[in-house]
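Visitor: this one's sequence-less:
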């Protein structure tokens, strides 16, 4: 298994997005990106990522700041390959100082345990890559994510002030 291989859970496949697909998404070529990636990107995907996010991902890939596997991933249901969200890491531990996960489940698929399953898959993958501690930063107003990380055993370590977004809360889960 290579770091870029999908992370497979009981119901999901967390698939790394290719640099070519990211380029196409930045050019608003959703059909080309879908063809390149092998699954359909939806308007929900585009509504939950912005140009800045995609640009940072592309630049990191181009500059080699992130090693394979630490990029953004599409969350696909295994039974029908439908894209139900996206997840990944904020960077490699060597780039940002820690393994920090992020996840988004599209509205029609929420409250079915997919977010928990994706977060657990990311956590296990990060551990397999040598990260004994995994972090999550959650907005103090995101009640669903606060409940999710708490349910998964993450412990609050303190506040973090976001750029213009108010206060986030940093959580970690160790060995």
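Guide: Cool, got the structure. Note that this is a predicted model, so its numbers are computed, not measured.
Visitor: helices along this protein, start to end?
Guide: 19-26, 30-37, 43-48, 51-63, 93-96, 114-128, 143-151 (DSSP state H).
Visitor: of all the ones you listed, which lies closest to residue 159?
Guide: helix 143-151 (12.9 Å; CB to CB). Every residue, glycine included, has its C-beta placed from N, CA and C.
Visitor: tally up the residues packed near residue 155, please.
Guide: Residues contacting residue 155 under the criterion other CB atoms under 10 Å number 11.
Visitor: gap between it and residue 131?
Guide: 16 Å (CB to CB, to the nearest Å).
Visitor: if we can go back for a sec, mind putting the helices of the chain in a markdown table, distance to residue 80 included?
Guide: Converted to a markdown table, the helices of the chain look like this (distance: least, CB to CB, whole Å):
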| stretch | distance to residue 80 |
| --- | --- |
| helix 19-26 | 20 |
| helix 30-37 | 15 |
| helix 43-48 | 16 |
| helix 51-63 | 25 |
| helix 93-96 | 34 |
| helix 114-128 | 13 |
| helix 143-151 | 24 |
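Visitor: need those in CSV with mean neighbour count, can you?
Guide: Converted to CSV, the helices of the chain look like this (neighbours: other CB atoms under 10 Å):
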stretch, mean neighbour count
helix 19-26, 19
helix 30-37, 18
helix 43-48, 14
helix 51-63, 14
helix 93-96, 15
helix 114-128, 20
helix 143-151, 16
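Visitor: perfect, I'm done here.
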